[in-house]
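A.B. asks: Pasted the sequence and its predicted model underneath.
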Amino acid sequence: MADRGRGDGQEFEESGGPAPVVAPAGGGGPAVDVNSPAAQEIVNSLVTMGISRPVAEMAVRETGADTAEGAIAWVFENDMGGASGGDEDELYQDFKMVFVVNTSLPMTPGKMAAQVGHAALGLYQDLISKQDTFGGPLLQWNENGSKKIVLQCTDAAHMNELATQAEKVGLPFHIIQDAGHTQIPAGSQTVLAVFGVSKEVDKVTGQLKLLP
């Protein structure tokens, strides 16, 4: 089936900033306001990698970093257990992949299953193509059972709202549009797939019901 994802030429959308590359720490910079839009964009990039938000905010604040690279270097060159007031497990979080099915479309259970499969493959390929950013999170996800949850939304407009929310918090996502060869019109948005730290994904999809 010639389903296609939504996005740019790589069929991928995200707002997590440039792909992080660990570079020598630029620590010692001036403290910055972590609530500013620019700082929050960097924080979201680190959270998408699986770094806890408190640690990410501290890294940006302490380094005065204006790019994700300096903040990431600071995270891995310092004792984040003591810095965050928690423990080292905060650096290694629970990841999940969530699939949101458009229940307004007349799809049989088999059709829905196929569309979820397309969404899983599409998003996974997107993440693999961004290994500098998502290699670590994917490894953690695989090592912890590759958690997957299937939910439902009311229609395409609702799906687009969820995709916009995912983009705002820096979560990678992939939307499947059907080719129209069988049960539904061509271009129908069937499934939205979202990946990230569970608590961040829940900010987007936590209010949705499980697909029965």
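C.D. replies: Right, received. Where do you want to start? Residues are numbered from 1 along each chain as shown.
A.B. asks: continuing past the helix or strand of the chain at the bottom of the mean pLDDT ranking, what's the next helix or strand?
C.D. replies: Lowest by mean pLDDT, DSSP states H and E among the helices and strands of the chain is helix 80-84, with a mean of 39. Next helix or strand after helix 80-84 toward the C-terminus (DSSP states H and E): strand 95-102.
A.B. asks: Sheet partners, orientation included, of that following strand?
C.D. replies: strand 148-153 (parallel), strand 189-197 (antiparallel) (DSSP bridges).
A.B. asks: Now the helix or strand following the longest one: average pLDDT?
C.D. replies: So that's strand 189-197. Later in the chain than strand 189-197, the nearest helix or strand by DSSP H and E is helix 198-205. For helix 198-205, the mean per-residue pLDDT is 94.
A.B. asks: sorry, back to before: for residue 139, which of the strands paired with strand 95-102 is the nearest?
C.D. replies: Across the strands paired with strand 95-102, the minimum distance to residue 139, taken as C-beta to C-beta, is reached by strand 189-197, at 12.9 Å. Where you see a C-beta, it was placed from the backbone N, CA and C, and this is true even at glycine.
A.B. asks: on that earlier part again, and among the strands paired with strand 95-102, the most buried is which?
C.D. replies: Of all the strands paired with strand 95-102, strand 189-197 has the most neighbours on average by mean count of other C-beta atoms under 10 Å, namely a mean of 26.
A.B. asks: by how many degrees do that strand and helix 198-205 diverge?
C.D. replies: Per axes from the mean of the first three to the mean of the last three C-alpha atoms, to 10 degrees, the angle that strand 189-197 makes with helix 198-205 is 150 degrees.
A.B. asks: Any chance of a markdown table for the strands paired with strand 95-102, columns distance to residue 111?
C.D. replies: Output for these, formatted as a markdown table (distance: least, C-beta to C-beta, whole Å):
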| stretch | distance to residue 111 |
| --- | --- |
| strand 148-153 | 14 |
| strand 189-197 | 8 |
